[in-house]
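[1] Just a sequence and a predicted model for now, questions to come.
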Protein chains: 2
Amino acid sequence: MESSNNDWIEPGVVSCDVVVVGAGLAGLTAARELKSRSPELKVVVLEAKDRVGGRTQTVDLKAANGSTDQWDLGGQWVGNSQKHILKLIQELGIETYPQFSQGTKWLQAGKFEVRPYSTQKWSLSYLRHYSLFEAFDAARTLWKLEELVKTVDVEDVFNTPNARIFDSLSVEEWLMQNSRTRLVQDSLEIATKSIYGIPTKRLSFLYYLYYAKCAGSFENLIEVEKNGAQRTKVKGGTEQISKRLASVLASDELYLNTAVTVVDTSDPQSALVHTMDTSQMNEAQETPNNEKARFKCRRLILAIPPNQCGHLRWLPGLPFQKEQLFNGAPAGNLFKCIVTYERAFWREKGFSGEVASTGWTEFPGETLPLVSCFDATSADGNPALVAFLHNAWTDRPLEERRSAVLRDLARFLGEEAADYVDYRDKDWHQEPFNGGCPVSCVPPGNMEAFSHIREPADLVHFSGTETAICWAGYMSGAIESGLRAAHEVLFHLDHSQVEHRHLKGSIYGVDGAFPQLPDHSYKQTVERSPWPRRILLYSAVALGIYLYSRKYTLSHTARAVRPLERAMIKWWSGYYWP
Amino acid sequence: MESSNNDWIEPGVVSCDVVVVGAGLAGLTAARELKSRSPELKVVVLEAKDRVGGRTQTVDLKAANGSTDQWDLGGQWVGNSQKHILKLIQELGIETYPQFSQGTKWLQAGKFEVRPYSTQKWSLSYLRHYSLFEAFDAARTLWKLEELVKTVDVEDVFNTPNARIFDSLSVEEWLMQNSRTRLVQDSLEIATKSIYGIPTKRLSFLYYLYYAKCAGSFENLIEVEKNGAQRTKVKGGTEQISKRLASVLASDELYLNTAVTVVDTSDPQSALVHTMDTSQMNEAQETPNNEKARFKCRRLILAIPPNQCGHLRWLPGLPFQKEQLFNGAPAGNLFKCIVTYERAFWREKGFSGEVASTGWTEFPGETLPLVSCFDATSADGNPALVAFLHNAWTDRPLEERRSAVLRDLARFLGEEAADYVDYRDKDWHQEPFNGGCPVSCVPPGNMEAFSHIREPADLVHFSGTETAICWAGYMSGAIESGLRAAHEVLFHLDHSQVEHRHLKGSIYGVDGAFPQLPDHSYKQTVERSPWPRRILLYSAVALGIYLYSRKYTLSHTARAVRPLERAMIKWWSGYYWP
């Protein structure tokens, strides 16, 4: 293998083989993989924040009996089918414990009233709170969604049947067209806000299907049991995973408080990365704008969210589709809070602690804070609840937020909710160099740009959980993407070390050729002449009308059916046709 | 009035009353208005590029007979109802001349064949190229669109009927639901790409209607005649407007090559703006990252596109809706080219030079470059064509682009097109500190954030053509928005000078209270109990079925109609229901 080329060295420029931007799970995994596969490579990790861990963060909160315990404000759950994170946790010797989910769950969707439900035993006593129409519609819509999820091709998303049509639909629009009850539409709105942190109207339906397929099925995204994403928690919090990964890096390998400002790839042999010192950013009123060292490298891995890639200055400009992706990928905002208690009063009542709510009340314009809530009792048994809040509450003062959350918890779980020990919430969109949590999403129409997400641009490789093909958006996806980016770099710098199974979905998968995008041309919609079909249709309709009018004349029944048809369209689709 | 407070002065900090960021039409108009209304105010304009003019740019090209003439690579047209720009042009003593549009126009939409059309005299000889169904559908869809445009409330967009539903629809989806022919869908795709520089699938339908309403009607956006946006051109190019506006600013009032990096509003009395020197950015391989002076001001006007606002670092973080707007407003990309000729050969043939094309060919995946084309003969009579190109061509080499454009022009206007004098194109998404042209658009679902676009955040006021309520996206809108921002600032700093007509659409319009957003709550959809309606419907349907089956038994006609209904849905909506 080639070694780092030393005649690059210039004053103020740190020369190395690979620069990894972002010390989250993806970046640290990439650095670790590169170092273990090819120890001669000089790898440098740059991180804009003052800590490693990216979108995972563990904090201390006051807990029951005057003790202190750890809770996660970022990614916290691990699913049974998330093999990448499970393998890493095992390697690092970290323990896990199951998410508690026994008992009655509460739902406020479809109407203002709070209704109980259970996913374990759907007893008749719960079912009586729902109409048969609601139950049937829920089963039918979820089945339809799962059937569509199955058809998605994650490696080449435009290979999915009807990909173009699904891309121009928002999820809300699909739900309006395909579900019939407010309950189902509300429940999926809640699920979407809890999974992506963004309302259904802002998501491409194709992206929605893609994301679920990356997790195996839509059920896996929402479920606590089986292969659900919320199955297991990490003892001591998830930030320690990144900390342990970072601990093996030397001080000249990990630069904290170092934000990348400019990525200069005008030299075809090496990329130059300009950085800025952000060490006093969190505390100080005055932001230092000091230039720090520049980094010259042979390959660059960007392990930061797509929307943050868009905030960098690129020299020369990015390829068109990359630019459209980065500037059109708004971050969701999972606004998370933890409330600790002396007693797990909800368990005593036979509740699981799970709550899902639209937040709507009888007063138009009012939104209660809770979207969803889960039991968050720690591994040491300290009782707590974790909730996701509606983004309408992001700009309110802490005091107001806290009292509203406690009032809203009391609505579902009982008055004991007011008697808390500690409260902490985190608005991820306020976190600098992050922009939101859990993922940068794809709005309707932008999946063509998204299909280029794993494609390198010159010497730059892209990592981060958004680029994964298995559990994208989760910690497991971050690790998978880090491994992929590392092996992409090894492909160029130390070919013998490449393991092809890690290159799945990359352009290096098949002979180095990126999967051909399907044509978005004309052909796709006018494959056959529509005329035979049209002539048949028109003749049949004309014949039908003729026979109908001849044989029966226009009866009372027919006259009655006309306005009904119109009313049905209005009611089913919700449209008032202009 | 209060004067600039001098005890602010710190080393390296320029103190002033108002900082305007962006020396495009909006920013320069704001600065001019502030200076003329209240000469004691110290106003500073910061511009990241090395020139004024923003999204207008005039270049010299070789023209007929060895001469040289000016053409516009950015905004170039002025419509008759664009009163703000017309007034300014008159004040500055700049001449205008009409856009040439006489003769046959060419269209490749609906099928691969090129078909002639004319908007002046829709003669039978043109009509024979179109089916009656196509003509009917075009008239019907455009009428429907215009009717919907009329219902939009530009000052409070969620006051529009069905606003929430239209927001979650992409324009493509609306077209699929409401038009019946490929011709109409293709033509509106072409129009959208020429107006917004973005495909229909990426635009919120509510935004589409809003944008058209800002221009008066959809027809005004696409039309050359009447009040159309393409009616008039500016002699000598449009960049001179900005240059003349800038010429009255002193050297310590206009800072070129000064990019804002951080906006710090943590002090409630003054905003601090950090800047970066970009003077060598265009030429040099090495980007200097030098810190320039900081600017402290009492009020700040951001006259840059929304997506560029998102690239600044905000201390403290932005309000949630602003952040969602700035990070979810991808810029369109009108990829414009000018070709000059010795002779206006198209006029000699009786063509207007107008061309509209899907760019699709018989070969799937191939896209020809032209979207649309117009006569661009200069005021001095130097023949030229101006064309907008498909974004699929942005990353191709210049040589390849040029020859493809010439070949494509020849397809519509004849072989003489190959014999050009000069060619120049500009890919606005590659322009630093711009991100695209003409506007930052709103994807489906993000209009709630967009409805906050004119709302100030602390001491920061927002200007730029996207924020206008009359001809948003055009030069006229930029000027209107500059005036509004200037008067918003005067509202605080020199109240006696405020003219309320300029504050239309701002929060200062009515008693300083921002128009209340309509509630997005539950109430909107379940105002009445659906049960009476449902019972009526079910009974009527049951009764109908009963009477129908009793009286006629299930006839051959009824049996025949069932599969036809299904086929019709498939054919009308284009959906293959899963």
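    Looks like it came in fine. All values derive from a computational prediction rather than experimental measurement. Numbers count the residues shown, from 1 in each chain, chains lettered A, B, ... in the order given.
[2] could you pull out the helices for the stretch 351-500 of chain A?
    Secondary structure of the stretch 351-500 of chain A by DSSP state H, counting those that start in this stretch: the helices cover A:398-413, A:447-450, A:475-493.
[3] A:Thr181 is nearest to which of those helices?
    A:Thr181 lies closest to helix A:398-413 among these, at 21.5 Å (C-beta to C-beta). C-beta: built from backbone N, CA, C; applies to glycine.
[4] Give the buried residues for the closest one.
    A:401-402, A:404-406, A:408-409, A:411-413 (16 or more other C-beta atoms under 10 Å in any protein chain shown).
[5] How about residues contacting it?
    A:106, A:108, A:114, A:337, A:339, A:345-346, A:349, A:351, A:353, A:355, A:357, A:359, A:368-370, A:373, A:385, A:387, A:389, A:393, A:396, A:416-418, A:420, A:423, A:425 (C-beta atoms under 8 Å, 6 or more residues apart in numbering or on different chains).
[6] Write a ChimeraX command that selects only the buried members of those.
    Applying 16+ other C-beta under 10 Å to these, the buried members can be selected in ChimeraX as follows:
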select /A:106,108,337,339,345,346,351,353,355,357,359,368,369,370,373,385,387,389,393,416,417,420,423,425
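[7] Keep only those of the contacts of helix A:398-413 that are in strands.
    Cross-referencing these against strands under DSSP state E gives A:106, A:108, A:337, A:339, A:351, A:353, A:355, A:357, A:370, A:373, A:385, A:387, A:389, A:420, A:423, A:425.
[8] between the residues you listed, which is closest to B:Glu466?
    Of all these, B:Glu466 sits closest to A:Leu389, with 30.0 Å by C-beta to C-beta.
[9] For that closest one, which residues are in contact?
    Neighbouring residues of A:Leu389 by C-beta under 8 Å, 6+ apart: A:335-337, A:369-371, A:401, A:405, A:425.
[10] rewinding a little: I'd like to know which of the ones in strands among the contacts of helix A:398-413 is nearest to chain B.
    Each of these was checked against chain B using C-beta to the nearest C-beta; the closest is A:Gln108, at 10.3 Å.
[11] sorry, back to before: of all the helices of the stretch 351-500 of chain A, which one is nearest A:Ser573?
    When the helices of the stretch 351-500 of chain A are compared by C-beta to C-beta, helix A:447-450 sits nearest A:Ser573, at 24.5 Å.
[12] and the closest one, what does it pack onto?
    helix A:163-167, helix A:205-214, helix A:320-326 (3 or more C-beta pairs under 8 Å, 6 or more residues apart in numbering or on different chains; DSSP states H and E).
[13] touching chain B at all, the first one?
    What that stands for is helix A:163-167. Yes - using C-beta under 8 Å from any C-beta of the partner chain, helix A:163-167 reaches chain B at A:164-165, A:167.
[14] For the next helix-or-strand element following that helix, which residues meet the burial criterion?
    Downstream of helix A:163-167, the first helix or strand assigned by DSSP states H and E is helix A:171-178. Neighbour counts over helix A:171-178 (16+ other C-beta under 10 Å) mark A:171-178 as buried.
[15] Return, as residue ranges, the portions of the stretch 201-350 of chain A with sub-threshold pLDDT.
    Residue ranges of the stretch 201-350 of chain A with pLDDT under 70: A:280-292.
[16] which stretches of it form helices?
    Per DSSP H, counting those that start in this stretch, the stretch 201-350 of chain A carries helices over the ranges A:205-214, A:218-222, A:239-247, A:306-309, A:320-326, A:345-348.
[17] Which residues outside the last one are in contact with it?
    This means helix A:345-348. Residues external to helix A:345-348 that are found in contact with it (C-beta under 8 Å, 6+ apart): A:100, A:103, A:352-353, A:375, A:383, A:385, A:413-414, A:416-417.
[18] ditto for the second one
    Surrounding helix A:218-222, the residues in contact under the criterion C-beta under 8 Å, 6+ apart are A:79, A:81, A:142, A:145-146, A:149, A:191, A:194-195, A:211-212, A:215, A:226-229.
[19] Show me what counts as buried in that helix.
    A:218-222.
[20] Just name the closest of the buried residues of helix A:398-413 to B:Leu73, please.
    Nearest to B:Leu73 among the buried residues of helix A:398-413, counting by C-beta to C-beta, is A:Arg401 at 49.3 Å.
[21] Nearest spatial neighbour of A:Val171, chain-adjacent residues omitted?
    A:Thr200 (3.9 Å; C-beta to C-beta, 6 or more residues apart in numbering or on different chains).
[22] brain fart, A:Tyr207
    A:Val442 (3.9 Å).
[23] Give me the neighbour count for that neighbour.
    Residues near A:Val442, counting by other C-beta atoms under 10 Å in any protein chain shown, number 30.
[24] Kindly report the same for A:Glu95.
    Using other C-beta under 10 Å, A:Glu95 has 11 other residues around it.
[25] Distance of it relative to A:Thr232?
    Look at A:Glu95 and A:Thr232: by C-beta to C-beta, to the nearest Å, they are 10 Å apart.
[26] how much space is there between A:Val59 and chain B?
    A:Val59 is 19 Å from chain B, where distance means C-beta to the nearest C-beta, to the nearest Å.
[27] Can you pull the phi/psi pair for that residue?
    With angles defined as degrees, to the nearest 10, A:Val59 sits at phi -130, psi 160.
[28] Specify the beta-bridge partners of it.
    Beta-bridge partners recorded for A:Val59 (DSSP bridges): A:Trp71.
[29] My guess is it contacts A:Tyr423. True?
    No - using C-beta atoms under 8 Å as the test, A:Val59 is too far from A:Tyr423 to be in contact (11.7 Å).
[30] A:Lys111 is in contact with A:Arg182, isn't it?
    Yes - A:Lys111 is in contact with A:Arg182 according to C-beta under 8 Å; the separation is 7.4 Å.
[31] higher neighbour count, those two?
    The neighbour comparison of A:Lys111 against A:Arg182 (other C-beta under 10 Å) goes to A:Arg182, with 19 against 16.
[32] Just the C-alphas of the strand or helix carrying A:Thr192, formatted as CSV.
    If you go by DSSP H and E, A:Thr192 is part of helix A:182-195. Output in CSV follows, covering the C-alpha atoms of helix A:182-195 (Å, rounded to 0.1, in the frame of the first residue of the first chain):
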residue,chain,number,x,y,z
ARG,A,182,-59.6,10.0,11.2
LEU,A,183,-58.2,7.4,13.7
VAL,A,184,-55.9,5.9,11.2
GLN,A,185,-54.8,9.2,9.8
ASP,A,186,-54.1,10.6,13.3
SER,A,187,-52.3,7.4,14.4
LEU,A,188,-50.0,7.5,11.5
GLU,A,189,-49.4,11.2,12.0
ILE,A,190,-48.4,10.4,15.6
ALA,A,191,-46.2,7.5,14.5
THR,A,192,-44.5,9.6,11.8
LYS,A,193,-43.9,12.5,14.2
SER,A,194,-42.3,10.0,16.7
ILE,A,195,-40.2,8.2,14.1
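[33] any idea how far that helix is from the chain center?
    15 Å (C-alpha atoms, centre = their mean, to the nearest Å).
[34] Just want the angle from it to helix A:171-178.
    Put simply, helix A:182-195 runs at 160 degrees to helix A:171-178, going by axes from the mean of the first three to the mean of the last three C-alpha atoms, to 10 degrees.
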